[in-house]
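**Q** the following comprises the amino acid sequence and a computationally predicted model.
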Amino acid sequence: MRPRDIIRLEPAAFRSATSCLGEQLVALLRTIQGLCPDLKWYVADVQTIGPSPVHGRDPTPICIGDTRALVQAARRVSQFERGVFAGVPASVDEPAFRAGGLWTEDEEAADLGDAAIEVRAFDMSYWSIATADPNLATRISERLEQEGDR
């Protein structure tokens, strides 16, 4: 499945001078969980400052677990230098991903496979969120704006 919408979030979206922080991923995951509560998260090509949820940069997606499990892992990370976080409906037992694995530098419009949503951390510069559901992209943007206004 190809994404229909891609959202880019610069540091200002989090009222920050820095991007790709662990706390920002936590905020994104909480927003996504409010809209898609039943996701399993797979991570690939992760490089961090601080403890990483996985060891080494590998494009093979590794299941971290539900949103709560990824939130706990992200809290320990100071900043993500890179990483792909794919949210797959929990009902999918053996998800399909892109051939060759998930790389941060993959084309933004790359096939999502069975993922409902894909979040990427780019060079500590911005977050990218891709989804094939245009309603989901709109709702994520609206929620993030509302949270930013608080």
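**A** Sure, I can see it.
**Q** next, residue 138: phi, psi?
**A** Recorded main-chain torsions at residue 138 are phi -60, psi -40, according to degrees, to the nearest 10.
**Q** so that it lines up with my notes, have the first residue be 2 from now on.
**A** With the count now opening at 2, the last piece we talked about shows up as residue 139.
**Q** quick check: pLDDT value at it.
**A** In the prediction, the pLDDT value recorded for residue 139 is 80.
**Q** do the same with the one 3 residues further on
**A** The predicted local distance difference test score for residue 142 is 78.
**Q** same deal with residue 150?
**A** Per-residue pLDDT puts residue 150 at 57.
**Q** please report how far residue 111 lies from residue 44.
**A** Applying C-beta to C-beta, to the nearest Å, one obtains 16 Å for the distance of residue 111 from residue 44. Bear in mind the C-beta positions are built from the backbone N, C-alpha and C, glycine included.
**Q** more neighbours, these two?
**A** With other C-beta atoms under 10 Å as the criterion, residue 111 and residue 44 differ in neighbour count, and residue 44 comes out ahead with 22 against 17.
**Q** partners of residue 64 in the sheet?
**A** Each beta-bridge partner of residue 64 is listed here: residue 43, as defined by DSSP bridges.
**Q** that one touches residue 40, doesn't it?
**A** No. Judged on C-beta atoms under 8 Å, residue 64 makes no contact with residue 40 at a distance of 11.2 Å.
**Q** those two - which one has more neighbours?
**A** With neighbours defined as other C-beta under 10 Å, residue 64 and residue 40 compare such that residue 40 has more, 22 against 13.
**Q** close enough to count as contact, the more buried one and residue 92?
**A** No. The pair residue 40 and residue 92 fails to qualify as a contact (C-beta under 8 Å) at a distance of 10.2 Å.
**Q** give me the residues contacting the helix or strand of the chain with the lowest mean pLDDT.
**A** In the chain, no helix or strand scores lower on mean pLDDT, DSSP states H and E than helix 135-149, which sits at a mean of 77. Identification of contacts with helix 135-149 by C-beta atoms under 8 Å, 6 or more residues apart in numbering yields 5-8, 10, 14-16, 28-29, 32-33, 35-37, 117-118, 130, 132.
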